[in-house]
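Q: got a predicted structure plus its sequence, pasted below:
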Amino acid sequence: MSAERWYEDWEIGETLTYGRHEVTAEEIRVWREAFEPGAPAHAEPVAGWAMLGAIKIRMIVANREVIGNSLVSGGFDDLVLHRPGRAGDVLSIRKTVVGKRESRGRPDRGILNLAYEMLNQRGEVLMRLTSIVFYLRRPVDGEGRT
């Protein structure tokens, strides 16, 4: 898969699974100290939605070929934490194109709705969300568009 994937190259229903991140107890401890200092202590250290979201972004950036010619995220909807991550979990991302439309105001751009699921090594969905992502459209006739 090439980093030169344009808006036109994505199809509704297309699904990709990628990334690998093993969660460690130390990583959870450091995250909680830095970003959740007032959170109650758990008997077992867990990674909540904010930490899982940060790991998701790290895995997306590390797998640039999966992103293609994306520009920026326009936000997300429907964030659901089904279960927390735990030390020893090996995480991956499943991304599905669930919507697609051309930008009305910027003819050089298209907008994809992407459903993301963060999975553990057993295939259990830990977190689910839908992102709105702006992509470059393939240039036609040099600089112009058709």
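A: In hand now; what should we look at?
Q: what comes up buried for the strand or helix carrying Val72?
A: Per DSSP states H and E: Val72 is located in strand 70-81. Residues of strand 70-81 classed as buried: 70, 81 (neighbour count, 16 or more other C-beta atoms under 10 Å). The C-beta positions use only the backbone N, C-alpha and C, and glycine is treated the same way.
Q: for it, what is the average pLDDT?
A: Averaged across strand 70-81, the pLDDT comes to 89.
Q: give me the residues contacting that strand.
A: Applying C-beta atoms under 8 Å, 6 or more residues apart in numbering, the contact partners of strand 70-81 are 48-49, 52-53, 109, 111, 126-136.
Q: do the same with stretch 24-43
A: 45-48, 50-51, 54, 85, 87-88.
Q: which strands and helices sit next to the helix or strand of the chain with the lowest mean pLDDT?
A: In the chain, no helix or strand scores lower on mean pLDDT, DSSP states H and E than helix 64-67, which sits at a mean of 71. Packing contacts for helix 64-67, counted by 3 or more C-beta pairs under 8 Å, 6 or more residues apart in numbering; DSSP states H and E, involve helix 49-62.
Q: what ranges do the strands span in this protein?
A: According to DSSP state E, the chain carries its strands in the segments 15-22, 46-47, 70-81, 85-86, 90-102, 109-119, 125-136.
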